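K.L.:
this one's structure only:
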């Protein structure tokens, strides 16, 4: 690597689930974490004490920008509804952007984000951490090798807990989906729950097969949690553009303790799961894409829990890639343009829920 | 006779042993293995042919049904993947998993949306209670491969699954690692009264015993088979026309 020039970076809002996983940048030689802005209602919910005393905190992005005019990049770690405005402002200021997994569900806004970032000439990398699991690459290699023959179906699940108790925006229809839209006429649920939080499996299917989605059909099961007004359990099936069947389950299927701060919240042993199976003409593949886990008991309450391999690691791979994109003009693993089809397919899944029938892409989509 | 470890050598022999233990008369019966156009085993008893859906008598499946039954209104869905060797037809696999789904969800399926692709089938089935059965099925593994499956029942008050967390493939009870071969020999034993039969054979023997002894109703099993076959037809119809199919039926628990 060439001589390292740390990128001056700030974290905006800090109330996205993954926001706190970037506090470690304060010790990363590739970055200089100059400041964070905090959503006022989340000040005591986002573990900000982990930042220590040396990182300035602001109640608004405007104040942060005013005090740090030499900023080079931002991590947009906010509720989905704020992303568009934050991207606009970052582009106006020429700041490179590290975006959370759902830029926006409003496709006109999404296209505007693409236009703004490309016009401003800034990097916009989308956080999709499954792209950093070796198992995903092994599966893709097996598929490409032909060992399974023609792929007949690819099926994935991404189960997790529901973070609504300590992060209410996650199940607020407007803040999560962007607007209040009923799942369908018969339901008392609104868009913006589990499906809105789990794009990874849509992306993985595309990454592994190299294909696009063609037909999408979705259904919801009764919610586990009666208190939330967005969907908990949802299943999507359909076909890719080459006729391969798919089945995706992005549900909040694993139970959690209803705590206001994210402490002792795990209830189901392995709170996040990502698994995959592929049926090919020549055989079947089954994979745990999260890899091997350590099982242990929580010392406070005795709950039996699992910790996945990315709980501990040497590399912050995502930010290392972001550094290369900003400093050395590398291409992001997933940029806004590439990610659009994933988001559009998730929107089509919601449309299928509304209409109660399969939804088909009318025009061919380029991967 | 009961307390020896003499091997039971066939399902029929196992049935007779269980009837003897229960001091029940042993009738004339015949086990008809699947084939000749039929995809499940049958029992010929008292002039009737009774389908043997012993897959629902698998102890873990039965446990999940009992778990669900403690709070029926709480049932949300059962999420299933089930992959077999090519010696199991896709029809048999769909039949089996639809039967298990209704058994565990304690409600009849009334709506099916399905996609089929040669050896693969994905479907969403909705029951009259509103719960979903989400099935991912395939039969492209080598013949006689140990079936790989996971049934995860989700309810508002908790979950139950026959796949332990962090496991991906079916476990055996006994693994023998020798000093000569890096691959273990595995043993899959069911019931110790039926020692010598595999888990699946044990389940079938127990199921037949339950029919002969009157624990299970022959009439209900025959009606159930007709119902599941109707669902199987609906799966194929949905896959053919690309739409959801509604099944006209009555709720029976």
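P.N.:
The structure has been received and is ready for your questions. Everything numeric here is computed off the predicted structure, so don't read it as measured data. Numbers count the residues shown, from 1 in each chain, chains lettered A, B, ... in the order given.

K.L.:
Now the closest residue to residue B:242 other than its chain neighbours: phi and psi?
P.N.:
The shortest distance from residue B:242 to any non-neighbouring residue, by Cβ to Cβ, 6 or more residues apart in numbering or on different chains, is to residue A:358 (6.3 Å). (Glycine included, C-beta is placed from N, CA and C.) Note on residue A:358: backbone dihedrals following degrees, to the nearest 10 are phi -60, psi 140.

K.L.:
again with residue B:123
P.N.:
Per-residue torsions, residue B:123: phi -150, psi 150 (degrees, to the nearest 10).

K.L.:
need the residues of the stretch 101-250 of chain A near chain B, please.
P.N.:
Taking Cβ under 8 Å from any Cβ of the partner chain, the part of the stretch 101-250 of chain A that reaches chain B is made up of A:152-153, A:155, A:157, A:215, A:217, A:219-226, A:232-233, A:235, A:237-239, A:243-247, A:249.

K.L.:
thinking again about what came up before, isn't the residue nearest to residue B:242 right up against residue B:243?
P.N.:
Yes. Counting by Cβ atoms under 8 Å, residue B:243 is a contact partner of residue A:358 at 7.4 Å.

K.L.:
Which of the two has more residues huddled nearby?
P.N.:
Shown here are residue A:358 and residue B:243; by other Cβ atoms under 10 Å in any protein chain shown, residue A:358 has more neighbours (20 against 14).

K.L.:
Give me the below-cutoff pLDDT ranges for chain A.
P.N.:
A:1-2, A:308-315, A:366-367 (pLDDT under 70).

K.L.:
And the residue in it that chain B sits nearest to, which helix or strand is it part of?
P.N.:
Closest contact between chain A and chain B, by Cβ to the nearest Cβ, is at residue A:279 (3.3 Å). Residue A:279 is part of strand A:273-280, with elements assigned from DSSP states H and E.

K.L.:
Please name the strands paired to that strand in the sheet, noting orientation.
P.N.:
strand A:151-159 (antiparallel), strand A:283-288 (antiparallel) (DSSP bridges).

K.L.:
so where's chain B uncertain?
P.N.:
B:1-5, B:249-253.

K.L.:
quick one: is the lengthiest helix in it near chain A?
P.N.:
Longest helix in chain B, counting residues (DSSP state H): helix B:218-241. No. Using Cβ under 8 Å from any Cβ, helix B:218-241 never reaches chain A; the gap is at least 9.5 Å.

K.L.:
just how off-centre is that helix within its chain?
P.N.:
Chain-centre distance of helix B:218-241: 15 Å, with Cα atoms, centre = their mean, to the nearest Å.

K.L.:
after that helix, next one along is what?
P.N.:
Once the chain leaves helix B:218-241, the next helix or strand it forms, by DSSP H and E, is strand B:245-246.

K.L.:
what about residue B:33, how many residues close to it?
P.N.:
Residue B:33, neighbours per other Cβ under 10 Å, totals 11.

K.L.:
cool, residue B:64 as well?
P.N.:
Per other Cβ under 10 Å, the neighbour tally for residue B:64 reads 23.

K.L.:
my guess is it meets residue B:152, correct?
P.N.:
No. The criterion here is Cβ under 8 Å, and residue B:64 misses it with residue B:152 at 9.0 Å.

K.L.:
overlap in contacts of these two?
P.N.:
Applying Cβ atoms under 8 Å, 6 or more residues apart in numbering or on different chains, one finds that residue B:64 and residue B:152 are jointly contacted by B:78, B:160-161.

K.L.:
In TSV: those, plus neighbour count and secondary structure.
P.N.:
Shown next, in TSV, are the shared contacts of residue B:64 and residue B:152 (neighbours: other Cβ atoms under 10 Å in any protein chain shown; DSSP: H, G, I helix; E, B strand; the rest coil):
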residue	neighbour count	secondary structure
B:78	29	strand
B:160	18	strand
B:161	16	strand
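
K.L.:
can you list those in a markdown table and add distance to residue A:133?
P.N.:
Shown next, in a markdown table, are the shared contacts of residue B:64 and residue B:152 (distance: Cβ to Cβ, whole Å):
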| residue | distance to residue A:133 |
| --- | --- |
| B:78 | 27 |
| B:160 | 28 |
| B:161 | 23 |
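
K.L.:
who touches residue A:274 in this structure?
P.N.:
Contacts for residue A:274 (Cβ under 8 Å, 6+ apart) come out as A:130, A:133, A:156-158, A:200-201, A:204, A:288-290.

K.L.:
I'd like to know which elements the regular element (helix or strand) spanning residue A:217 is packed against.
P.N.:
For residue A:217, the host element (DSSP H and E) is strand A:213-221. Packing contacts for strand A:213-221, counted by 3 or more Cβ pairs under 8 Å, 6 or more residues apart in numbering or on different chains; DSSP states H and E, involve helix A:200-209, strand A:233-240, helix A:336-355, strand A:359-360, strand B:120-127, strand B:132-141.

K.L.:
Mind listing the strands the last one pairs with, and their directions?
P.N.:
Neighbouring strands of strand B:132-141 in its sheet, by DSSP bridges, are strand B:75-85 (parallel), strand B:120-127 (antiparallel).

K.L.:
just the ones you listed: most buried one?
P.N.:
A comparison of the strands paired with strand B:132-141 by mean neighbour count, using mean count of other Cβ atoms under 10 Å in any protein chain shown, puts strand B:120-127 on top with a mean of 27.

K.L.:
before we move on, the earlier item: let me know whether the residue of chain A closest to chain B touches residue B:121 as I believe.
P.N.:
No. At 9.0 Å, residue A:279 does not count as touching residue B:121 under the criterion of Cβ under 8 Å.

K.L.:
Next, show the common contact partners of these two.
P.N.:
A:153, B:138.

K.L.:
ok, for the residue in the stretch 1-150 of chain B that chain A sits nearest to, nearest residue in space, not its chain neighbours?
P.N.:
Nearest to chain A in the stretch 1-150 of chain B, going by Cβ to the nearest Cβ, is residue B:138, at a distance of 3.3 Å. The shortest distance from residue B:138 to any non-neighbouring residue, by Cβ to Cβ, 6+ apart, is to residue A:279 (3.3 Å).

K.L.:
residue contacts, residue B:158?
P.N.:
Residues in contact with residue B:158 (Cβ under 8 Å, 6+ apart) are A:255, B:67.
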